[in-house]
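Student: Build me a structure from this.
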Amino acid sequence: MKPAARRKARKLAVQAIYSWQLTQNSMSDIEAQFLTDNDTSKIDVDYFLALVRGVAGQSNTLDASLEPFLDRPLKDLDQVERAVLRLAAFELRERLDVPYKVAINEAIELAKAFGADDSHRFVNGVLDKAIDSLRAARQ
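Tutor: Here you go, the predicted model:
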């Protein structure tokens, strides 16, 4: 699958994760809604599903792996930043087929697209500090 299809999958996934965080609806309901409401012809749907199911299923583990690198409690993070960091942490921990630089750069781009003005700097700083422990968890 083309990198653009994965990029679109990540973009949709971060929106689904954000929705899940806010609504507390089941991820299966949210993924069904997102797949119904969006043109999926140019999206890597399998990757989208892997991301949203992975983040929903491992959110406590992902949060615990990020917390040592945050400058404030996770619960105080902006919802967009939390969604982006969870997605990136999942990708860094579980998707060793994705180069870490790609995962971090994609997270920065997602933070630029959806977050506040300096969200991308915050996301970059956290992931730069967390990369070794996130990758080490699976190697």
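
Student: Which residue of the protein lies farthest from its centroid?
Tutor: residue 41 (21.2 Å; Cα atoms, centre = their mean).

Student: The residue most central in space within the chain - nearest residue in space that isn't next to it in sequence?
Tutor: When Cα atoms, centre = their mean is applied to the chain, the residue found nearest the centroid is residue 87 (1.5 Å). By the measure of Cβ to Cβ, 6 or more residues apart in numbering, the closest residue to residue 87 outside its immediate chain neighbours is residue 14, 5.4 Å from it. To be clear about C-beta, it is placed using only N, CA and C from the backbone, and glycine gets the same treatment.

Student: Can you name the residues that contact that neighbour?
Tutor: 80, 83-84, 87, 110, 114 (Cβ atoms under 8 Å, 6 or more residues apart in numbering).

Student: Recalculate using a threshold of 7 Å.
Tutor: Residues near residue 14 by Cβ atoms under 7 Å, 6 or more residues apart in numbering: 83-84, 87, 110, 114.

Student: Take those and keep only those in helices.
Tutor: 83-84, 87, 110, 114 (DSSP state H).

Student: Which of those residues ranks first by neighbour count?
Tutor: Within the ones in helices among the contacts of residue 14, most neighbours by other Cβ atoms under 10 Å means residue 84, with 32 neighbours.

Student: I'd say that one and residue 111 touch.
Tutor: Yes - using Cβ atoms under 7 Å, residue 84 is in contact with residue 111, at 5.0 Å.

Student: For these two, list the residues in contact with both.
Tutor: Contact criterion Cβ under 7 Å, 6+ apart; residues shared by residue 84 and residue 111: residue 123.

Student: What's the local residue count around the nearest residue to residue 27 once chain neighbours are set aside?
Tutor: Leaving aside its sequence neighbours, residue 27 sits nearest to residue 56 (Cβ to Cβ, 6+ apart; 3.9 Å). Counted with other Cβ under 10 Å, the neighbours of residue 56 add up to 19.

Student: May I ask which helix or strand encompasses residue 56?
Tutor: Assigned by DSSP states H and E, residue 56 belongs to helix 45-66.
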